[in-house]
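Undergrad: Make a model of this:
(4 chains)
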2 protein chains.
Amino acid sequence: MAEETALPRAERRRRTEARILDAARSLFADMGYERATIRAVAKSAGVDPALVMQYFGSKQELFQRAVEVTPAPGGGSGGGQVRGPDPGGAQAAVEEAVEEAVEGLLETLPMKLGELSQSRLAMLRSMLTHPEAAVSARRALGEQIDRVAETLPGEDARLRAALMTLVLLGVTVGHQLLELDELRDVPEDEIARLLRPSLRALTGQDPR
Amino acid sequence: MAEETALPRAERRRRTEARILDAARSLFADMGYERATIRAVAKSAGVDPALVMQYFGSKQELFQRAVEVTPAPGGGSGGGQVRGPDPGGAQAAVEEAVEEAVEGLLETLPMKLGELSQSRLAMLRSMLTHPEAAVSARRALGEQIDRVAETLPGEDARLRAALMTLVLLGVTVGHQLLELDELRDVPEDEIARLLRPSLRALTGQDPR
DNA sequence: GTCTATACGAAGATAGAC
DNA sequence: GTCTATCTTCGTATAGAC
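TA: Down below sits the predicted model:
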């Protein structure tokens, strides 16, 4: 009877919201924006459909909230962003930067398998059919392209960076979303191993 | 008043069907299965929605008909399928076969830009969110993987072939479906030129 | 045979009861 | 504050008029 109830209402609300978001992420990732209904999300989260609307206003806002990337959990990859304009411009330095870019890109592979990046899968799943998801996808891909392009020399750095990013996108789509038999049960590092020379070739460095 | 009317009813029907299929292809390619409604298809084709149902039975069947590939128009690429087991097993022969496979794969790029392959775009657009489209996509990708894998040596031929196919898928998705700025107005052969070494690297041939 | 009218179901969103 | 009940819209499919 003290001021300490079993669960503060704010905390209770927070947890319910989290449950709904988890359910939404899962359903959006599994079947895309259109087929994932508010009703199904609510049922999966064990709440009333109207509550979902109450909390998030609309299906679109729920999607946005479910899809926005959660700030990396553990250490954080660091991924691309290595340096600005390289001081000496020595070929070796460029080589090294490019190498880092490739490795950073390859690291995104296992990340995309991780459970917590289900939000990313949700976005990818809907990017071809839901306009808002397409906007998010273009933004996310654009950022990755920017990071990679910074490390590449030459006129067509952005084009090459885009192709490198799309290589990863294609593999991710085939693996995670289409679930092609050929990639079933293939360990991530095996895929990364095969992809590495291919990505290096796209950098334009290391011609032979 | 002879038996020759302006248009034989069969011919008229054929044309109406073709108009509907064209409209359906276009809408499916633009917005995917879910958002492309029967009503919209009918309006675009200038017919009544019920007529669409009359002709095709259901939306799903309409989709199947619209998506099924039309037998190549002009010469036909020939694409992959080059030979069976190579006679001598000489390294040079393998090299040549691999080269052909890469070129055949790259030729699918411009094909995917062509107007008549809008059916392919329709399938790709919906493959992540519509189960039946996913089935079609897996089948189509599987066939391409088969063709490429035949020309590759080694244990992991199918895996490599799958990755090569997915590279093209990623680029196609980014280019045609997401319409990334970075690939806007980039000529096909420029993309092919940059991709070629990358695909070669995936063959496992020509290590250095 | 071709199209109008409509039935049926489901989904998103809202208002009011508890 | 939470949920029941309802409203509106829309898409698929069907039945009946021309």
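
Undergrad: From now on I want contacts and neighbour counts done on CA atoms only, so please keep to that.
TA: Fine.

Undergrad: nearest residue to the closest residue to chain B within chain A other than its sequence neighbours?
TA: Residue nearest to chain B within chain A (CA to the nearest CA): A:G170, separated by 3.6 Å. Leaving out its chain neighbours, the residue that sits closest to A:G170 by CA to CA, 6 or more residues apart in numbering or on different chains is B:G170, at 3.6 Å.

Undergrad: what does the helix or strand hosting the residue of chain A closest to chain B contact?
TA: Here A:G170 sits within helix A:157-172, counting by DSSP states H and E. Residues from elsewhere that reach helix A:157-172, judged by CA atoms under 8 Å, 6 or more residues apart in numbering or on different chains: A:105-106, A:109, A:112, A:141, A:144-146, A:148-150, A:152, A:199, A:202-204, B:163, B:166-171, B:173-174, B:182-183, B:194-195.

Undergrad: Quick one: buried ones out of those?
TA: Neighbour-count burial (16 or more other CA atoms under 10 Å in any protein chain shown) applied to the contacts of helix A:157-172 gives A:105-106, A:109, A:112, A:141, A:144-146, A:148-150, A:152, A:199, A:202-204, B:163, B:166-171, B:173-174, B:182-183, B:194-195.

Undergrad: list the contacts for A:L194?
TA: Counting by CA under 8 Å, 6+ apart, A:L194 has contacts B:R160, B:L202.

Undergrad: The helix or strand where it lies vs helix B:157-172, what angle?
TA: Assigned by DSSP H and E, A:L194 falls within helix A:188-203. Interaxial angle, helix A:188-203 versus helix B:157-172 (axes from the mean of the first three to the mean of the last three CA atoms, to 10 degrees): 50 degrees.

Undergrad: where does chain A come near DNA strand D, residue by residue?
TA: Proximity of chain A to DNA strand D is confined to A:R9, A:R13, A:V47, A:D48, A:P49, A:A50, A:L51 under the rule CA under 7 Å from any atom of the strand.

Undergrad: tally of neighbours for A:A133?
TA: 23 (other CA atoms under 10 Å in any protein chain shown).

Undergrad: What is the burial count for the residue lying closest to it once chain neighbours are set aside?
TA: Once flanking residues are discounted, A:A133 sits nearest to A:M127: 4.6 Å by CA to CA, 6+ apart. Using other CA under 10 Å, A:M127 has 24 other residues around it.

Undergrad: List the contacts of A:M127.
TA: A:M127 touches A:A133, A:A134, A:V135, A:S136, A:A137, B:L178, counting by CA under 8 Å, 6+ apart.

Undergrad: could you flag which of the residues you listed are buried?
TA: A:A133, A:A134, A:S136, A:A137, B:L178.

Undergrad: any idea of the mean pLDDT for the helix holding A:L194?
TA: Helix A:188-203 comes out with an average pLDDT of 93.

Undergrad: Would stretch A:54-72 count as contacting DNA strand C?
TA: Yes. Applying CA under 7 Å from any atom of the strand, one finds stretch A:54-72 touching DNA strand C at A:Q54, A:G57, A:S58, A:K59, A:Q60.

Undergrad: about what we covered before: and the pLDDT at the residue of chain A closest to chain B?
TA: 96.

Undergrad: what's the answer for A:F63, then?
TA: 96.

Undergrad: Quick check: buried residues in the helix or strand harbouring it?
TA: A:F63 belongs to helix A:59-67 when assigned by DSSP H and E. Residues A:K59, A:L62, A:F63, A:Q64, A:R65, A:A66, A:V67 are the ones in helix A:59-67 that count as buried (16+ other CA under 10 Å).

Undergrad: any idea how far the next helix or strand after it is from the chain center?
TA: Reading on from helix A:59-67 to the C-terminus, the next helix or strand found by DSSP H and E is helix A:91-113. Between the centre of helix A:91-113 and the centre of its chain there are 16 Å (CA atoms, centre = their mean, to the nearest Å).

Undergrad: what's the answer for stretch A:160-172, then?
TA: 13 Å.

Undergrad: okay, which residue is most central for chain A?
TA: Nearest to the mean C-alpha position of chain A, counting by CA atoms, centre = their mean, stands A:R120 at 3.6 Å.

Undergrad: Show me which residues of the lowest-mean-pLDDT helix or strand in chain A are buried.
TA: Here the helix or strand of chain A ranked lowest by mean pLDDT, DSSP states H and E is helix A:91-113, holding a mean of 74. In terms of neighbour count (16+ other CA under 10 Å), helix A:91-113 has its buried residues at A:94-95, A:97-109, A:112-113.

Undergrad: and the gap between the residue nearest to A:A133 and A:R13?
TA: 30 Å (CA to CA, to the nearest Å).

Undergrad: Go ahead and confirm A:R19 touches A:A45.
TA: Yes. Taking CA atoms under 8 Å as the definition, A:R19 is a contact partner of A:A45 at 5.7 Å.

Undergrad: ok, back up a step: can you tell me the helix or strand for the residue nearest to the centre of chain A?
TA: helix A:118-126.

Undergrad: State which helix of chain A is the longest.
TA: Longest helix of chain A, by residue count under DSSP state H: helix A:9-35.

Undergrad: Just list what it packs against, helices and strands only.
TA: If you count contacts as 3 or more CA pairs under 8 Å, 6 or more residues apart in numbering or on different chains; DSSP states H and E, helix A:9-35 packs onto helix A:38-45, helix A:59-67, helix A:118-126.

Undergrad: can you pull the contacts of A:L141?
TA: A:T165.

Undergrad: any idea which element it lies in?
TA: Per DSSP H and E: helix A:131-151 holds A:L141.

Undergrad: and stretch A:36-46, is it in reach of DNA strand C?
TA: Yes. Residues of stretch A:36-46 are located near DNA strand C by CA under 7 Å from any atom of the strand, namely A:A36, A:T37, A:I38, A:R39.

Undergrad: Can you confirm whether the least confident helix or strand of chain A lies near chain B?
TA: No. Using CA under 8 Å from any CA of the partner chain, helix A:91-113 never reaches chain B; the gap is at least 13.1 Å.

Undergrad: what secondary structure does A:E179 sit in?
TA: Under DSSP: H, G, I helix; E, B strand; the rest coil, A:E179 falls in the coil class.

Undergrad: re the thing from before, in PyMOL, how would I select just the buried ones from the residues of stretch A:36-46 next to DNA strand C?
TA: Applied in PyMOL, the following selects the buried portion of the residues of stretch A:36-46 next to DNA strand C according to 16+ other CA under 10 Å:
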select buried, chain A and resi 36+37+38
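
Undergrad: Return the member of the residues of stretch A:36-46 next to DNA strand C nearest to A:S26.
TA: Relative to A:S26, the closest of the residues of stretch A:36-46 next to DNA strand C is A:A36; by CA to CA it sits at 9.3 Å.
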